[in-house]
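J.: Have a look; sequence and predicted model below, questions after that.
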Amino acid sequence: MNDEVRNLPVYPRLDEICSRLLEESNLILQASAGAGKTSLVPLAISEKISGKIIVTQPRRLAARSCAERIASLIGEKPGGRVGLITRYDKIRGEKIEVVTDGVFLRMIQSDPSLSGIDAVILDEFHERSISSDLSLAFLIDAKSLIRNDLKILIMSATLSADSFNGYLSDWPSVNVEGRSFPVSLKYMPPQKNEYLEDGICRLISLALRDLDGEGDVLVFLPGLKEMKRTEEKLRSGNFKGEIFLLHGSMSPSEQSAVVRRTMNDKQAVILSTNVAETSITINSVRAVVDSGLVRKLRYDPQSGMNHRITIESSASSSTQRSGRAGRVAPGIAYRYWDEKDYRMPHDVSEILCSDLSGFALENALWGSLSDMSLNFPENPPVSALSEAVTLLRGLGFITDDDTITESGKFAVSLSVHPRLASMIVNSEEREKQTAVLLAVLLNDDLRSFGNLSSDIDIIIEDIIKNKNKYSRIVSEFEKLCERIGIKGELSKVVIAFISKLLISAYPDRIGRKIRSDKNTHYILSLGKQAVLYSSGPQYIVAPLTETSGGNRILLFSEIKKELIDGFLRGAPLIYEIRWSGWQCSAFRKKMIGMMPVEEYPCALSDVDYLTLKKEAYRKLKKEGLNSLPLGDDSRQLIERLDYVSGRVEEFSDFSSEKIKTTVCEWLADYADFKSNSIFPQENINSALSAHVGYELMKRLDKYAPEFISLKEGKRKRIDYSSAKASVSLRIQELFGVNENPLVCGEPLVMNLLSPAGRPVQVTSDIKNFWKNSYIEVRKEMKGRYPKHNWPEDPSL
DNA sequence: CTCTCCCT
C-alpha cells in the first residue's frame, strides 16, 4: 500500500467498516466522491472473508475501472484475484468480481442462494437504477430465506431519509467524509428576460476571467439544442478559444479528444450534457457552469409512450456537477439559479418514472409479482405496474395469477424488452434473423444513428451493406441469434418482414395517414394522433414515438395495404352514430385497435338496437334535458311537477333537479331513431308521464292542473314557472267567476288583461277585485274599448 | 422542427 492509498479518508476506517459488516451482517457505507470506498473497501473485506465478494457498479465503464483499480492495488490485472463481468467482459476473479447491476440481477435470479459468494457490495446505490433496486430487494429476500450468513454492504454517496423513506432504517451505517478539492459555489441567477444561452455565455466569460487561463470550463446543459446555440453565441461573442461538445450519442473516439485533456492543453470550453456528470471524467476542468437543467424521459402508462421533459436538476445532481471542478485542484462552480431557489433533493428514481414491463417480469421470475411481497426503497407506481402486468399477460409471459410462464422465462433470458422478446418468440422460422436484428436495434443501438425520424428499413439496409461500420450491432445480433439457436447470418435478414414483425411487438402503434402538409399526420391504433416530420406512406408501424406537446414518430416502417387488408378481414364491423344536434346518422367501419380504417355511411336500421340505445343514453347523458327541443306540454309538465314537489310529499322525487339528473333513466328508452329528432315532443311527454306513474299523474292533475276551466268549455293554461302559479286572462273571460281558484291549496295568481291583451291588474282574490278595483277599471276600459261588454255586476 | 442517460 502506497502513501496515496493511506491518505484516502476511508483508509483509517477500514477495520471499523469490516468489523461492523461482519458483526451486524448488513451495513450502509455513506461516503462521497474521493473517499476511496470503491477501491479499498472490497479489498479490506476480502481479507476477512473466505468466500467470494461481488461488487456491483451502475455502468460498464465504472465496473471496468473499478476492477482495474482494485487489481492494481494488489499488483495484478483483472483475471487473478479480481474479476470483471459485464455484457462484454467475462474475466473471472478468485476473490472479488466486479459486475454491472444488470449482470448481478442475472446472477441472483439464476442462483438465489448465491453459492460461493459471502458478501455483496452494491456501489453507487444512490443512483437507484431499477436493476439495483431489484438486486437489493432480491438480496434481502434471499438472505432472510436461505442465506442468513450473507453480508450485504450498500455504498452510497448520499443517503437521505427522504429517498429511503425509512426503508433501511434498521440497518447500521458508517459515514466517511469524502475528500476532493474545495469548490467554491457562485450563484448567478438569470437576469431579467435573459435567454438561457445568453446567461450561460455570461457565466462562461466570468469563469474564464476568474480562471485566468488556467484549466477548462465544463458547462452542463440539458441537450444538444442548447449546446449548439451556446456554441454559436460564444463564437459570435468573439470567443477565440477551443470549444468541445460532449454528448452521449458520440462514439468513444469522438469523445476521446475531450477525455484526454490535461492542464497543459490550451484552455477550452466544454459544452456537455449529463454524460459528464458521472460517466465521463475530464481532469483538466477547473470551473463548472451549471445551467441547472436536465432533459429526461418520463414514461406515460396511459399511452405506453415516453415523454421528454426538461426540468430543474436536483440538489444532489448539482453537487455532483460542481464536484467536477475539484478533481485535481480547488475549483469554482457557477450556478445559473438563486441560492434561495428550491431544488428537489434527488433525481426522481427510475422505478417511479419508467416503463415497468422488465421490472414486472423480473418480479414474476423471482416469484414476487403476484403479491408484490418485496420491499423497494420506493414503491412502483400502481398505474405503470398494472400497465406492465397487462402487457405481460397479453404476451403470455405471465399467467392471470401473475406467475411466470415457460415462454416468460425464455423471454427474460433474451435480455431485451418483453415486447421485443415476444416478437422473436412468436416469429416464424424464416423471420427469426430479421426479428433478432430489429430487437437488437430497438433495444439499444439506435442511438448510434443519432437523429431518427426515418424509415427503419433504410437503417437495416445500411447495416447489411456496411457490416464493418456496425460491428457492435453485428456482434450483438450474432450473440442473440446464438441464444435462440439459429445461425447469425445478416444475409437471412429480409426487409419485407420488418413491418409484420414490428406489428407483433407494437400492435398499438399502427398508424394510418390522415393528412399531410410539410409533415405527415397519422392516427395510431392507440387512438391518438402522431406526427412524422417528413413525408410518409399511407400505413406505418411506429415502434418509437415520443410525446412533448404532440406525439412524434421517431422511427417507422411502411405497412403494405395487403397486410392491412389481412387484419381487416379478421376485424369485426363497428357501427358508429354521429350527431348533428339531435339528428343522427350511421357509419360502419373497421377498426385496428382504436384506429378506424374503412368507413362507409349506412342506414340507421342497419345498426343493432342495443348500440342505438346505448348511443341515445350516452348522448342524453352528455347533453342533458335542457338541450332537447321541449314543447309547451313537456315544459309545463316539468314545471308542474317541480311546483308540486316542493309542496306535496309524494312528489318529492320529481323536482326539476331530480328530473334532470335522472333523464337517462326515464327518457333513453323512448328514443325514436326513425324521427328527425330522436326524442320527439310526444315521446318526452309519455316518457315523463310513465316515469311519474298513472296514479300520481292523476293526482298531479288535481294538485296542479294543466288548465283552468272557464265558461263555455273554454280553458286556459296555468303557468307554473314562478314561485306562485299564475294564469293570464282577459277580464271578460272571468265574468261570473266569483271564487279565486286554488292550486295546491293556494290562490292562483290572476294576471288580468285588457281586451287587447295588455296587463291591467294582478290579483289573488277575484271576489275582492270585483268589489273594489273593478269599478275604476271598468270606467277606464269602457272609455277605451266601448264595443266590449263591461257589466256593472261582473259576478253574474 | 427534435436529438437526457444507463443496463441484461
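T.: Noted; the coordinates are in hand.

J.: Tell me where the stretch 251-400 of chain A has strands.
T.: Along the stretch 251-400 of chain A, the segments classed as strands by DSSP state E, counting those that start in this stretch run A:268-272, A:285-290, A:293-300, A:305-312, A:331-335.

J.: Deepest-packed of those strands, please.
T.: strand A:285-290 (a mean of 27; mean count of other Cβ atoms under 10 Å). C-beta: built from backbone N, CA, C; applies to glycine.

J.: can it be found next to DNA strand B?
T.: No: residues of strand A:285-290 contacting DNA strand B under Cβ under 7 Å from any atom of the strand: none, with a closest distance of 14.6 Å.

J.: what is the rounded mean pLDDT of that strand?
T.: Mean pLDDT, strand A:285-290: 94.

J.: Kindly calculate the angle that that strand makes with strand A:331-335.
T.: 10 degrees (axes from the mean of the first three to the mean of the last three Cα atoms, to 10 degrees).

J.: quick one, which of the strands of the stretch 251-400 of chain A is nearest to residue A:637?
T.: Smallest distance to residue A:637 across these (Cβ to Cβ): 49.0 Å, for strand A:293-300.

J.: Just the C-alpha atoms of that closest one, please, in CSV.
T.: What follows is strand A:293-300, C-alpha atoms only, in CSV (Å, rounded to 0.1, in the frame of the first residue of the first chain):
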residue,chain,number,x,y,z
LEU,A,293,-31.4,22.0,-16.2
VAL,A,294,-31.7,18.3,-17.3
ARG,A,295,-33.6,16.6,-20.0
LYS,A,296,-35.2,13.3,-19.1
LEU,A,297,-37.7,10.7,-20.3
ARG,A,298,-40.8,10.1,-18.4
TYR,A,299,-43.0,7.1,-19.1
ASP,A,300,-46.7,7.6,-19.6
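
J.: which other helices and strands contact it?
T.: strand A:305-312, helix A:350-353 (3 or more Cβ pairs under 8 Å, 6 or more residues apart in numbering; DSSP states H and E).

J.: that older thread, out of the strands of the stretch 251-400 of chain A, point me to the one whose mean pLDDT is lowest.
T.: strand A:305-312 (a mean of 80).

J.: Which secondary structure elements does it sit against?
T.: Applying 3+ Cβ pairs under 8 Å, 6+ apart, one finds that strand A:305-312 contacts strand A:293-300, strand A:539-548.

J.: if we compare those strands, which one ends up closest to DNA strand B?
T.: strand A:293-300 (3.5 Å; Cβ to the nearest atom of the strand).

J.: For that closest one, which strands pair with it and how are they oriented?
T.: strand A:305-312 (antiparallel) (DSSP bridges).

J.: The strand it pairs with to strand A:539-548, inter-axis angle?
T.: Counting by the same axes, to 10 degrees, strand A:305-312 lies at 20 degrees to strand A:539-548.

J.: was I right about residue A:670 contacting residue A:684?
T.: Yes: under the criterion of Cβ atoms under 8 Å, residue A:670 makes contact with residue A:684 at 7.3 Å.

J.: Between those two, which has more neighbouring residues?
T.: A count of neighbours by other Cβ atoms under 10 Å puts residue A:684 above the other of residue A:670 and residue A:684, at 25 against 19.

J.: pretty sure the more buried one contacts residue A:671?
T.: No: taking contacts as Cβ under 8 Å, residue A:684 lies outside contact range of residue A:671: 10.6 Å.

J.: before we move on, the earlier item: with distance to DNA strand B added, can I get the helices and strands packed on strand A:293-300 in CSV?
T.: CSV is the format used below for those (distance: least, Cβ to the nearest atom of the strand, whole Å):
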stretch, distance to DNA strand B
strand A:305-312, 4
helix A:350-353, 8
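
J.: which strands and helices sit next to whichever strand or helix holds residue A:42?
T.: Element membership of residue A:42, judged by DSSP states H and E, is helix A:37-48. Contacts defined by 3+ Cβ pairs under 8 Å, 6+ apart place helix A:37-48 against helix A:14-24, strand A:26-31, strand A:52-57, helix A:60-73, strand A:96-100, strand A:117-122, strand A:151-156.

J.: winner for burial among the ones you listed?
T.: strand A:96-100 (a mean of 27).

J.: quick one: that one near DNA strand B?
T.: Yes: contact of strand A:96-100 with DNA strand B (Cβ under 7 Å from any atom of the strand) involves residue A:100.

J.: then that strand to PDB, C-alphas only?
T.: Extracted C-alpha coordinates of strand A:96-100, given in PDB (Å, rounded to 0.1, in the frame of the first residue of the first chain):
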ATOM      1  CA  ILE A  96     -13.500 -10.300  -6.000                       C
ATOM      2  CA  GLU A  97     -15.800 -10.000  -9.000                       C
ATOM      3  CA  VAL A  98     -16.800  -6.500 -10.200                       C
ATOM      4  CA  VAL A  99     -20.100  -6.700 -12.200                       C
ATOM      5  CA  THR A 100     -22.600  -4.400 -13.600                       C
END
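
J.: Report the rounded mean pLDDT for it.
T.: Strand A:96-100 comes out at a mean pLDDT of 96.

J.: Okay, domains of chain A per the record?
T.: In terms of domains, chain A is parsed into A:3-176, A:183-348, A:352-504, A:623-703, A:707-784 (source: automatic domain parsing).

J.: between those domains, which gets nearest to residue A:537?
T.: That would be domain A:352-504 among the domains of chain A, by Cβ to Cβ, at 8.9 Å.

J.: Show the end-to-end separation of the closest one, please.
T.: One end of domain A:352-504 sits 28 Å from the other (Cα to Cα, to the nearest Å).

J.: How about stretch A:277-297?
T.: 17 Å.

J.: Same check on stretch A:26-36?
T.: Start-to-end, stretch A:26-36 (Cα to Cα) is 20 Å.

J.: which outside residues touch it?
T.: Contact partners of stretch A:26-36, identified using Cβ atoms under 8 Å, 6 or more residues apart in numbering, comprise A:5, A:8-11, A:17, A:20-21, A:37, A:41, A:151-159, A:168, A:171-180, A:320, A:323.

J.: Strands of the stretch 401-550 of chain A, start to end?
T.: Under DSSP E, counting those that start in this stretch, the stretch 401-550 of chain A gives strands at A:454-455, A:510-516, A:520-524, A:529-532, A:539-548, A:550-558.

J.: Most tightly packed of those?
T.: When the strands of the stretch 401-550 of chain A are compared using mean count of other Cβ under 10 Å, strand A:520-524 is most buried, at a mean of 23.

J.: Check which helices and strands that one is in contact with.
T.: Looks like strand A:520-524 contacts strand A:510-516, strand A:529-532, strand A:539-548, strand A:595-602 (3+ Cβ pairs under 8 Å, 6+ apart).
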